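*Asks:* Could you work out the structure for the sequence below:
(one chain, ligands or ions: 1)
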Amino acid sequence: MRSTDWSRRLTAETTLSCNDLIWAIVLKDGKALREPINAMPGVFRLSPDEAVNAAIEARDLGIPALALFPYTEKSARTADGEEAFNPDNLMCRAARAIKKEVPEIGLMADVALDPYTDHGHDGLLKDGVILNDETVEILVKQAVVEAAAGFDIVAPSDMMDGRVGAIRQGLDKAGYENVQIMAYAAKYASAFYGPYREAIGSAGVLQGDKRTYQMDPANTDEALREVGLDLAEGADCVMVKPGMPYLDIVRRVKEEFAAPTFVFQVSGEYAMIKAASANGWLDETRAMMESLMAFKRAGANGIITYFAADAARVLRIGD
Ligand code: PBG
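*Replies:* Predicted coordinates for the structure are as follows:
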């Protein structure tokens with residue numbers, strides 16, 4: 001069955017297509033800016049006008065959606081991260097610019113305070129402790145502002161308890177019943193987020209770690225409880241993050257809940273493939289495509305990845 005290409009194609013159990021990809025994009029204020037990120041070769045911080053170009057490229061490649069993440073200078077951060085719900089913040093300006101030029105593309109926004117706080121945490125911090133309920137109130141404001149700017153999916157990535165239900169209520173009350181919630185439901189306290197922290201300007205900022213609210217990599221039953229809670233609170237779809245070290249979680253979540261399940265191939269996974277390829281130790285294209293196929297095989301419906309455009313170009317060759 002494996003000896004010819006036609007037979008391998010005929011018997012493949014899993015398929016990967018451009019429709020499975022959400023392209024992760026980092027924003028930075030400015031004009032005509034494409035600023036390299038040291039630990040993520042090939043990924044650039046894009047000014048809103050460049051993000052519009054990326055959206056056009058994504059549309060032309062058949063990528064359904066973009067996920068945007070904002071870089072914030074240390075000097076622009078505050079203890080409570082109020083910029084998160086400024087209707088004119090970088091995320092909102094970029095979303096409006098993209099929706100004006102490319103209204104048919106899906107846009108997803110993180111809901112979390114880490115790009116805006118001067119301590120780099122996803123929530124409010126008091127005497128070294130994250131304040132769950134006070135944070136949730138701010139997250140609701142952030143989600144409503146993002147919806148108003150044109151984001152189609154809000155994705156709480158903060159791991160506070162009760163935030164999905166509160167955000168759903170807040171969105172509905174503000175008239176955004178059709179804005180979707182993708183819950184970062186099983187999000188682990190992971191070393192693989194390292195390059196992302198550089199990308200958004202949190203690297204030298206983050207005090208301590210996020211182990212008091214993100215999940216312990218030792219746990220899998222807990223992931224099912226987290227997913228169950230988020231779905232019960234009104235999440236439309238759920239995410240497992242990071243990706244490749246957590247394929248067992250993707251599989252369990254998909255089997256247990258049969259809900260739309262996404263996986264985030266995070267910055268560190270991207271960086272590993274890039275670095276090994278740059279050294280000639282891996283074939284970059286093959287490693288990229290194999291990693292994406294593995295997510296699909298594990299049960300993911302879609303993948304948030306910095307590789308989306310590169311992978312879509314490979315996938316389209318056969319068109
Ligand atoms: C913020 C957030 C993180 C990522 C997405 N949203 C980092 C973190 O929780 O510290 C990681 C993305 C990546 O590594 O590519 N809540």
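*Asks:* burial count for the residue in the stretch 101-250 of the chain positioned nearest to the ligand?
*Replies:* Of all residues in the stretch 101-250 of the chain, residue 196 sits closest to the ligand, at 3.2 Å by C-beta to the nearest ligand atom. From N, CA and C alone the C-beta is placed, and that goes for glycine too. Residues contacting residue 196 under the criterion other C-beta atoms under 10 Å number 25.
*Asks:* Which parts of the stretch 101-250 of the chain are helices?
*Replies:* For the stretch 101-250 of the chain, the helices defined by DSSP state H, counting those that start in this stretch cover 132-149, 163-173, 194-200, 221-232, 247-257.
*Asks:* re earlier: how about the residue of the stretch 101-250 of the chain closest to the ligand, what does it touch?
*Replies:* 69, 202, 266-268 (C-beta atoms under 8 Å, 6 or more residues apart in numbering).
*Asks:* same deal with residue 78?
*Replies:* Going by C-beta under 8 Å, 6+ apart, the list of residues near residue 78 reads 116-118.
*Asks:* coming back round to it: could I get the helices of the stretch 101-250 of the chain as JSON lines with distance to residue 294?
*Replies:* Shown next, in JSON lines, are the helices of the stretch 101-250 of the chain (distance: least, C-beta to C-beta, whole Å):
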{"stretch": "helix 132-149", "distance to residue 294": "31"}
{"stretch": "helix 163-173", "distance to residue 294": "28"}
{"stretch": "helix 194-200", "distance to residue 294": "20"}
{"stretch": "helix 221-232", "distance to residue 294": "18"}
{"stretch": "helix 247-257", "distance to residue 294": "6"}
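*Asks:* Save those as a markdown table, and put in mean pLDDT too.
*Replies:* Shown next, in a markdown table, are the helices of the stretch 101-250 of the chain (pLDDT from 0 to 100):
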| stretch | mean pLDDT |
| --- | --- |
| helix 132-149 | 98 |
| helix 163-173 | 98 |
| helix 194-200 | 96 |
| helix 221-232 | 98 |
| helix 247-257 | 98 |
